[in-house]
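In: Sequence first, then the predicted structure:
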Amino acid sequence: MKNLWPILKRIFMYILLTGATLLMSFPLLWMISSSLKTLEETNSPGIIWIPKQVTWDAYINIFQNTNFLRSYFNSIFFVSFALAGTLISIAAVAYAFSRVDWPGRNLVFFLMLSTMMIPPQALIVPQYVFFNKLGWIGTFNPIIIPGYFAGGAAMIFLLKQSMEQIPKEMNEAAIMDGAGHIQIWWEIVLPLVKAPIATVATFLFVGFWNSLLMPLMYLQTVDLYTLPVYITTLYNINQTVQQWPTIMAAAVLTTVPLIIVFFFAQRFILDSVVLSGLKG
Amino acid sequence: MFNNPYFDLIQTAVLTVGFIIFACFALGYLAKWVSKKRGAPSFKQQDVFAGYFFAAPWIVGFLIFVLIPLLFSLYWSFTDYRVTATTPANWVGLENYANLLTKDEGFRASIINTLYLTVIGLPLQMGAALFLAVLLNQKIPGERIFRMGFYLPVILGFNTAVLLVWRLMLNTGTGIINQIIRAATNAIPPLGYVVRAAIYVQEVVTAFFLGLSSGKFNLLNKVIETGFPAANRVPMWVESPLWTKMSVILLMIWGCGAMMLIFLAGLNNIPAELHEAAEVDGASRIKRFFKISLPLLTPYIFYNLVVGLINSLQIFEPIFVLYRDNQPLLSSTISMVYYLWQKSFSHFEIGYGSAISWVILVFILIVTLIQFRLQKRWVNYDLY
């Protein structure tokens, strides 16, 4: 009996953990299941866990929807351009804060940290007026270009913390050998912080891919919509019957890139947040 | 060719990169020149150049996209500026702020709703996060898979696609959540009383908050008069003003993975010797949690509280997806940011919208400041 107790406890733990995991991923499973149902099945008063007869009609429907395909392309376009520019500029600024000694560094760094307190929404009104003056409403510019100026203080902070881990002597030795700072940044420092960069890239990707408010404000026409904006138009509150299977098929296709990225990046995220999360 | 939006963006992006590189060199050489004038040695000058060169993107971006807009919006908040107006804006002094804080019922409702999410939602979210973190801290094989599973909702989080799944699941009649509740209460009758009691408490509390925001407590009286919910009652998640905020809280709890990771880090930092010593002294597992783990976790609780509060002030996506265009329901759950968006971009009242932004900004600053002030009373930094 004494030997049985730890085993029982362990089994109980596993049941509890599995149950919690199922609960947390239930919306995802339900989304997939619903996308394979017929319209009647999604509105059925009884519980249908898995459709008896799997139909792919919803996917055929959504693939014939040119607006959906267009918004998918728009999302990929938007995310790749925004990600590339933001990532490089963040890596540069993090280098300035961690590897170089310059007068005013502490002041600028303090300013940067205090911008984290400003809710981005407090800026949307004046920024809108500003972009309106530039004639940028109804283009991709307002949702991509600001990122090029190292948008995202938390991400700079995360990368700075990792760059500080590299021994200072590395810089001094490289300068002795006649290397410039740009060379040190690109050829020595960046290759050493690949994992943190992957983390930052993942966070940025997720943020851009999910973003709704900015695209909603600035992409005024349906042919510019990104996925999150377009998908909300599929659900029309004024209709009594929603095309749930089609909406769910679109939802599955929207979440697939997120899940793939998370699957490959989880080892970076789950560790790095644990390491540097609190100091933010 | 020039009307193609993709080509347009690429063109602007190239110009922007050129501008940033120019700004990097300009700022770098300027800083170097200043330090040369001050007579710094040449290796020092090189560092000054590199520092400003690499920091330039952020410095320039801060000026263009943060500081100047903030100052402009501060100015506009004292005017009646509208984007569509042809006449120049008039200086109206504090009128926008006075209207906002005394007359605007929509804004008051949004503050009360935020209060609800903070007072009721945040503790539930942190409790769930702490519970999951303690579960995961057992260091059992396969822990990583569970950790991934708990963190996945943070990634999917507020993507509108996933929010629409919630909309489907929360349907009152045919949604899976209510169907599970019905099936469970039919199978185990005593559970029915628990569910009905929970419904009753939830509705009374929410009706009270709705009364606070409208100033009339008719709904609360009605809920209390109706008495204990009938046997077949289920939550009306997205169909009744009494439940809209609870649906948002459900989503907050679902996305507790980010907080969980923070708690997990905190639990990892607690020295094992403390627990071992207490165990030798015969302290039970529960006693050890409350006497050792919880006090040492307070810095992490504090961090989650600060971040969670700022986040709950900014909730936008769930409300947009679940309740957009649903006029009677929207006001029962509208958040401060949603209200700002609605005011600024449906009527383009830039002056009024600017005033709202500044009130939100000051609100967040005050709340955060209070939290930092109060932390001395309860946060335990013995470990650090």
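Out: Nice, I can see it. This structure is a prediction, so every number in the text was calculated from the model and none was measured. Numbering: from 1, shown residues only, chains lettered A, B, ... in the order given.
In: so how far is residue B:75 from residue B:358?
Out: Relative to residue B:75, residue B:358 is positioned 11 Å away (Cβ to Cβ, to the nearest Å). Heads up, the C-betas are built off the backbone N, CA and C, glycines and all.
In: whoops, I mixed them up, residue B:46
Out: As defined by Cβ to Cβ, residue B:46 lies at a distance of 41 Å from residue B:75.
In: give me the low-pLDDT residue ranges for the stretch 1-150 of chain B?
Out: B:1-2, B:85-86 (pLDDT under 70).
In: Could you tell me the end-to-end distance of stretch A:114-129?
Out: Taking Cα to Cα, to the nearest Å as the measure, stretch A:114-129 stretches 24 Å from start to finish.
In: Would you indicate which residues of that stretch are buried?
Out: Within stretch A:114-129, the residues scored as buried using 16 or more other Cβ atoms under 10 Å in any protein chain shown are A:115, A:118, A:119, A:121, A:122, A:123, A:124, A:125, A:126, A:127, A:128, A:129.
In: Same question for stretch B:346-360.
Out: Buried, per 16+ other Cβ under 10 Å, within stretch B:346-360: B:348-360.
In: and the stretch 151-300 of chain B, which of its residues are near chain A?
Out: Selection of the stretch 151-300 of chain B residues close to chain A by Cβ under 8 Å from any Cβ of the partner chain yields B:151-153, B:155-162, B:164-169, B:173-174, B:176, B:179-180, B:183, B:254, B:257-258, B:261-262, B:264-266, B:268, B:299-300.
In: Can you lay out the buried residues of stretch B:346-360 as JSON lines showing secondary structure?
Out: Below are those laid out as JSON lines (DSSP: H, G, I helix; E, B strand; the rest coil):
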{"residue": "B:348", "secondary structure": "coil"}
{"residue": "B:349", "secondary structure": "coil"}
{"residue": "B:350", "secondary structure": "helix"}
{"residue": "B:351", "secondary structure": "helix"}
{"residue": "B:352", "secondary structure": "helix"}
{"residue": "B:353", "secondary structure": "helix"}
{"residue": "B:354", "secondary structure": "helix"}
{"residue": "B:355", "secondary structure": "helix"}
{"residue": "B:356", "secondary structure": "helix"}
{"residue": "B:357", "secondary structure": "helix"}
{"residue": "B:358", "secondary structure": "helix"}
{"residue": "B:359", "secondary structure": "helix"}
{"residue": "B:360", "secondary structure": "helix"}
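In: Next, format these as a markdown table and append distance to residue A:26 and pLDDT.
Out: Below are the buried residues of stretch B:346-360 laid out as a markdown table (distance: Cβ to Cβ, whole Å; pLDDT from 0 to 100):
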| residue | distance to residue A:26 | pLDDT |
| --- | --- | --- |
| B:348 | 41 | 80 |
| B:349 | 42 | 84 |
| B:350 | 43 | 87 |
| B:351 | 46 | 89 |
| B:352 | 42 | 90 |
| B:353 | 39 | 90 |
| B:354 | 42 | 91 |
| B:355 | 42 | 92 |
| B:356 | 37 | 91 |
| B:357 | 37 | 90 |
| B:358 | 41 | 92 |
| B:359 | 39 | 91 |
| B:360 | 34 | 87 |
